[in-house]
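Peer 1: Could you work out the structure for the sequence below:
(chains A and B)
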Amino acid sequence: MLDIIFGIFIVSGIIFSIITGNNNMSNIILASGTDTLETIIKLFPLLALWLGIMNIAESSGLLNYLTKLLNPILKLLFKNIPKDSKALEYISSNMVMTMFGLGNAATPFGLKAMKELKNISKSDKASDDMITFMILNTTGFTLIPTTVLSLRTTSSNPSIIIPICILVSILSLLLGIIINLIMRRINK
Amino acid sequence: MILSILVLVIILYGLYKHIDIYNKFIEGSKESYKMILNLFPTLLGMMLSINILVKSGLLDYIFNLIKIKFLPNEIIPLMILRPISGSSTLSILSNIINSNGPDSYVSVLASIMQGSTDTTIYILTVYFGSVGIKKIRYALYNGLLADIGAFIISIIAVNLFYRLLF
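Peer 2: Presented below is the predicted three-dimensional model:
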C-alpha cells in the first residue's frame, strides 16, 4: 500500500508541476535528501542519548517496575507477548513518556519495543501486536499539547482547550483500539 | 524539569542496583546506529514523495475545488495533510489562528484536530522502517480510519463545547 502511495504522489506531483510550468521541481527533488538529513540529525542524537539512558533503566529493573503499573491494560491488548519478553516494558515506557509530552524520549522506547516485537514474531511482515502498538502511537495521546498551546499565546485563555483536547484524545484512542481489534479479527 | 528528574531517578536507581551505568549507557546507545541506518533510506523515500506532492501545488489546487458544507474551508487541507506531514499542518494551523484569532470557532476546531492526532504516515515509516519491516498489512488503513474518527469526534466535541467555553 505504501508503494502505491509513493508512486502516486511522485507521478501526480511531477506531472502537475510540468503542466503548471513549475521550474522548481528539480530543486525540490534534489533537496529531499538534505531535508531528510535535517530530520535524521535531530533524531539521531536524541536516539543515541535515550537508548543509552534507557538501557540503564532496563538493566536496573526500573522499567520492569513501571510496567507493572500499566500491565492490566496492556495485557488485554497484547495477549500474545510472552511474559519474560521486554516488549511490554518498552511499550509501557513509551506510553508513559508520550502522555507526559516527552515525545523525544518516547520514540526510542517505541523503537526498542518494535525491535522486541519483531524478535517475537520472527517475520518480515508487521505482526498484529506491532500494528496495535502503532495505533496506540498514532492516536497521539498527550496530556498537554505543547505545540498547539505555543500557537495560542495571543488568546486571553490559551489553555482552555486542554480539557477538550484530552477528552477528544482519549476518545480517539479508544476508537483507534476498537477499529484495531475489528481489523485484527478480519485479517486473521 | 520533568525530564531532568526522570534522568536523575534512572541514574540513582541504577547506582542503587550497582549497575555499571557508563558501560550500560554505551551499550544501549550503540543500538541507535542500526536503527538510523535502517531509517534514513526509508524516511528519504517518504519525504521525497511527500515533498513532490505538497510543493508541486497540486494539493492547493485540489483544495480550492473541494468545499464541504458544514466545515469551514480552511479545515479541509488540515485534515487531509495531517496524516501526511506534521510541518505543513502546523503552518496551516498557524495561518488559521493568525487570520481568525485564536479563539474563533475555526481556530479552536483546528487546534483540537491538531492536538488529538499525530502524523500517521511519518510514525508508520519511522517505526516500521527502523526494524526493516516492509509489509505493513492493515496498519495504514487502521491509522487513517482512526484519524478520520478523531476528526469526527473533534467536530462533535467542539460543536458541543464551543459556546460553553467561549
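
Peer 1: show me the contacts for B:Leu3.
Peer 2: Contacts for B:Leu3 (C-beta atoms under 8 Å, 6 or more residues apart in numbering or on different chains) come out as A:Leu102, A:Ala105. From N, CA and C alone the C-beta is placed, and that goes for glycine too.

Peer 1: Show the contacting residues for A:Thr153.
Peer 2: B:Pro102.

Peer 1: Neighbours of A:Ile182, how many?
Peer 2: Neighbour count for A:Ile182, taken as other C-beta atoms under 10 Å in any protein chain shown: 12.

Peer 1: Correct me if wrong, but it is in a helix.
Peer 2: Yes. Under DSSP: H, G, I helix; E, B strand; the rest coil, A:Ile182 sits within a helix.

Peer 1: these two touch, right, B:Ile11 and A:Ile56?
Peer 2: Yes. When contacts are counted by C-beta atoms under 8 Å, B:Ile11 is listed as touching A:Ile56 (6.8 Å).

Peer 1: Between the two, tell me which one has more neighbours.
Peer 2: More neighbours surround A:Ile56 than the other of B:Ile11 and A:Ile56, with 26 against 17 (other C-beta under 10 Å).

Peer 1: any weak-confidence spans in chain A?
Peer 2: A:1 (pLDDT under 70).

Peer 1: What residue in chain A comes nearest to chain B?
Peer 2: A:Asn55 (2.5 Å; C-beta to the nearest C-beta).

Peer 1: and that residue, how many neighbours does it have?
Peer 2: 26.

Peer 1: any idea what the residue at the greatest distance from the centre of chain A is structurally, helix, strand or coil?
Peer 2: The outermost residue of chain A relative to its centre, with distances by C-alpha atoms, centre = their mean, is A:Gly21 at 37.6 Å. Secondary structure state of A:Gly21, per three-state DSSP, is coil.

Peer 1: ok, and what's touching the helix or strand harbouring A:Pro72?
Peer 2: Under the criterion of DSSP states H and E, A:Pro72 resides in helix A:62-77. Contact with helix A:62-77 is made by A:54, A:57, A:86, A:88-93, A:95-96, A:132, A:136, A:177, B:9-10, B:13-14, as judged by C-beta under 8 Å, 6+ apart.

Peer 1: try 10 Å this time
Peer 2: Outside helix A:62-77, the residues that touch it by C-beta atoms under 10 Å, 6 or more residues apart in numbering or on different chains are A:54-58, A:81, A:83, A:86-93, A:95-96, A:109, A:112, A:129, A:132-133, A:135-136, A:177, A:180-181, B:9-10, B:12-14, B:16-17, B:19.

Peer 1: buried sites along that helix?
Peer 2: Buried residues in helix A:62-77, counted by 16 or more other C-beta atoms under 10 Å in any protein chain shown: A:Leu62, A:Leu63, A:Thr67, A:Leu70, A:Leu74, A:Leu77.

Peer 1: Just send those residues back as CSV, with distance to A:Ser156 too.
Peer 2: Output for those, formatted as CSV (distance: C-beta to C-beta, whole Å):
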residue, distance to A:Ser156
A:Leu62, 43
A:Leu63, 43
A:Thr67, 42
A:Leu70, 37
A:Leu74, 41
A:Leu77, 41
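
Peer 1: Quick check: next helix or strand after the helix holding A:Pro72?
Peer 2: Downstream of helix A:62-77, the first helix or strand assigned by DSSP H and E is helix A:87-99.

Peer 1: tell me which residues of that following helix are tucked away?
Peer 2: Buried residues in helix A:87-99, counted by 16+ other C-beta under 10 Å: A:Ala87, A:Leu88, A:Glu89, A:Tyr90, A:Ile91, A:Ser92, A:Ser93, A:Asn94, A:Met95, A:Val96, A:Met97, A:Thr98.

Peer 1: hmm, back to that, closest to A:Ser26 among the buried residues of helix A:62-77?
Peer 2: Relative to A:Ser26, the closest of the buried residues of helix A:62-77 is A:Leu77; by C-beta to C-beta it sits at 46.6 Å.
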